[in-house]
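# here you go, sequence then predicted model.
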Amino acid sequence: MTHRVVVTGMGVATPLGCTVQGFRDALLAGRSGVGPLTVFDPGGLATRIAAEVKDPDALGLHTDRKASLARWAAARAWEDATARGSEPLGDRALAGASFGIGLELFTMGDLARSRAPGFVPPDTTRDKLRFLQVPSDLVLHVLCKTYGLRAPPLLHVSACAAGTDALGAAWRMIATGRRRWMLAGGSDSMINPLGVAGFCTLNAMSTRNDDPPRASRPFDRTRDGFVLGEGAAALVLERREDALARGAAVYAELAGYGNSLDAHAITEPEPEGRGALLAMRKALRAAGLSPDDIDCVNAHGTGTPKNDPAETLALKALLGARAPRVPVCATKSMIGHLISAAGAVEAVAAIACMNKGMVHPTINLREADPQCDLDYVPDGARAHPQRAVLSSSYGFGGQNAAVVLLHPERGP
Amino acid sequence: MVLSAAGRVGLGPGAPDVECDPTPWLKVRKSRKYMGRQDDLAVTAAGRALEAAGLRAEQLGPRAGLYLSIAWLGFELEDIVPVLDASVTEGRFDLDRFTRQGMRKAHPLLTFRCLPNMPAYHISANFNIQGGYLTTYPGTGQFLQCLEEASLALESGEIDAALVGGVAFQRNFLTAWQRARVQPAADPSGAWDAAAVLVLEREDACLARGGRALGRLLAHDVTYAPFDPDEGFPQGDPDLGARLGAAEGPWRIAEFLQQPGAVHTHRGPTVDGFTVSFTVEVPP
């Protein structure tokens, strides 16, 4: 790799707020963004709770929530990166986008309309693109057009690992000299009838409908599945020398990325966490660091019965004797699982907390699980200076990704 | 870096296959119940490619990577009609009926069969691919990016072999609608369900295992011109992706490999703003 890559802009839309500072403060306060599902009436579904974005400005007027959220986060990241430098961002011919964008599910209402007698399909391009289903790549083209990004955009469909893969791919493109800077992140909202019902059929989600803020319980013995969330994060990544040349203040260095495939089973992660371990080791190797350099882990931490023990084993194998002393936090305990956006939002959480010298808590962890015996920061936010943080995401179907984030001044 | 094999499967008017049965390549036969059409296509193309390359699962593992472009989300009407029929009142979608009755009509494994990352799962699990990956969407521009990332991973020594391909399940109601609005000039009856997977290897690794180079990727490039989809999609090359969707790029390279003693080049614009080019040398 020939270039170091730094983060100079961040924007978020999350169930805990739509500014980076507001999001960080809510995380450090241990607030939950989970509540009753209001986007639609979940009626007879087994799960009737979710972590929704409540800011109407971030949701805009677009019918596709994930597109609105992506546009909001990208705009905030762009403004941020521009404001933090005395010169504008560089050559847009070598600037691109890399995003994890959620599944392009169709709407049942439109499907019913399309099958009714006398149906007349929409005739304008705009209406056609919003009828029945909105293509996932639509918003990526809009972002490229809006910001004049002329390098080929990349959309990731690695499920829950997509947000981290998006950051990692952007890192690799900049580090190898193929891009000068990139807008990278993730956006998702599966809070719609088909999305929520689909996860219900998999029995993957918590059904603690009577106590939404306590429903997401990563690493707790009583966890019963994840809570579906929605949101987006965008980060401006650029070559370090370019950032310094334009006088931009740096949030963090993205120092390494690795990914791997479990090649194991469709319904569960590899139980020893071998795939997760491989991804984390590759990220550290790419960063030129050793496990001893890691001061904190932002875990995938879904709160599903099978993820949490496998992830714990992977972290023990990675960190060795230090494992019990390295704080491991689960952002999903507060904002639920943002699927394709999760890795990007959690990277922002990790950077924002690292720069404050804090680790946010894993809330709702009250009953220890003997299989999950690391320091998950259960008792509130903790002051903990960090030089390097590992942030990881593990996708349904065994796609594993991890990135290493360094403090801008204290990084090893 | 060499191209050591290709595997293809295509179903549709004039296509080479009349059925797509991935069973011979499944490690666990009952895993078939989780597979949709896109997964059948992906496993079959990958299986044919690896068989042609003479690569066995035990030779792959963490030293092999997977780079796939997956086409637009496909969905069988027959899978959703029972759900819809149980979710309408006087011809209109009734959310309450959907949550109480309609969803109970859904096949419990339906979600597994349509997620865009599932082809990558099924290939990795059945052929023991554990190294790096890129799973992207939805066409030929993205396939070229897969080729680029795979090439870098091979050149850097991160992996010894890469499966690089495209998967397009297109003969379904949802993709038909998608094609009609994005690629209106394409003949709607001409689309195939198709997948094509190439095996790219480090030359030293290929030779060391007794493999044979069928060809060399001399050059590949992808450029992009941003556009606003609300103002319409770019014209694109009417032949590029109209029949094979995301499988177009690897399919063409596989065809090149069958024409020895020449240097083959393809260049053209896609309907989503990319211009792709690739050049393959195939020795006599």
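Right, received. Where do you want to start?
# C-alpha from now on. contacts and neighbour counts both.
Will do.
# neighbours around the nearest residue to B:Ala52 once chain neighbours are set aside, how many?
If the residues on either side of it in the chain are set aside, B:Ala52 comes closest to B:Ala5, at 5.7 Å by CA to CA, 6 or more residues apart in numbering or on different chains. A total of 26 residues lie near B:Ala5 under the criterion other CA atoms under 10 Å in any protein chain shown.
# same question, A:Ala286
One way to gauge burial is a neighbour count; for A:Ala286, by other CA under 10 Å, it gives 17.
# C-terminal to whichever strand or helix holds it, what's the next element?
Using DSSP states H and E, A:Ala286 sits within helix A:274-287. Per DSSP H and E, the first helix or strand lying C-terminal to helix A:274-287 is strand A:296-298.
# how distant is that following strand from the center of its chain?
Mean-position distance between strand A:296-298 and its chain equals 14 Å (CA atoms, centre = their mean, to the nearest Å).
# cool, stretch A:401-409 as well?
Remark: stretch A:401-409 is offset 15 Å from the chain centroid, using CA atoms, centre = their mean.
# circling back: which elements pack onto the helix or strand containing the residue nearest to B:Ala52?
Assigning secondary structure by DSSP H and E places B:Ala5 in strand B:2-11. Based on contacts counted as 3 or more CA pairs under 8 Å, 6 or more residues apart in numbering or on different chains; DSSP states H and E, the elements that strand B:2-11 packs against are helix B:37-53, strand B:193-201, helix B:203-208, strand B:216-224, helix B:248-257.
# hmm, try it at 6 Å
Contacting strand B:2-11 under the criterion 3 or more CA pairs under 6 Å, 6 or more residues apart in numbering or on different chains; DSSP states H and E are the following elements: helix B:37-53, strand B:193-201.
# the residue nearest to B:Ala52 touches B:Val199, doesn't it?
Yes: contact status for B:Ala5 versus B:Val199: in contact at 5.2 Å, counting by CA atoms under 6 Å.
# tell me which parts of chain B are close to chain A?
B:93, B:96, B:99-100, B:108, B:117, B:121, B:124-125, B:128, B:130-132, B:135-136, B:223-228, B:230 (CA under 6 Å from any CA of the partner chain).
# how far does the helix or strand containing B:His122 sit from the chain's center?
Per DSSP H and E, B:His122 falls inside helix B:118-127. When distances are taken as CA atoms, centre = their mean, helix B:118-127 is centred 12 Å away from the chain's centroid.
# packing partners of that helix?
Using 3+ CA pairs under 6 Å, 6+ apart, helix B:118-127 sits against helix B:37-53.
# which other helices and strands contact the helix or strand following the helix it packs on?
Counting by DSSP H and E, the next helix or strand C-terminal to helix B:37-53 is strand B:64-70. The criterion is 3+ CA pairs under 6 Å, 6+ apart, and the helices and strands that strand B:64-70 contacts are strand B:133-136, helix B:140-155, strand B:161-168.
# tell me the bridge partners for A:Tyr257.
Here A:Tyr257 shows beta-bridge partners A:Val403, assigned using DSSP bridges.
# count of neighbours near it?
30.
# could you verify my assumption that it touches A:Ala283?
Yes: with the criterion set as CA under 6 Å, A:Tyr257 and A:Ala283 qualify as a contacting pair; they are 4.0 Å apart.
# which neighbours do these two share?
Taking CA atoms under 6 Å, 6 or more residues apart in numbering or on different chains as the contact criterion, the common neighbours of A:Tyr257 and A:Ala283 are A:Val403.
# what strand or helix carries A:Ser98?
Taking DSSP H and E as the definition, A:Ser98 sits inside strand A:95-101.
# now do the helix or strand that comes right after that strand: distance to the chain's middle.
Of the helices and strands lying after strand A:95-101 in sequence (DSSP H and E), the nearest is helix A:108-114. Using CA atoms, centre = their mean, we find the averaged C-alpha position of helix A:108-114 to lie 31 Å away from the chain's own average C-alpha position.
# hmm, who's touching the next helix or strand after helix A:108-114?
Towards the C-terminus, the helix or strand next in line after helix A:108-114, according to DSSP H and E, is helix A:125-130. Applying CA under 6 Å, 6+ apart, the contact partners of helix A:125-130 are A:Pro122, B:Asp230.
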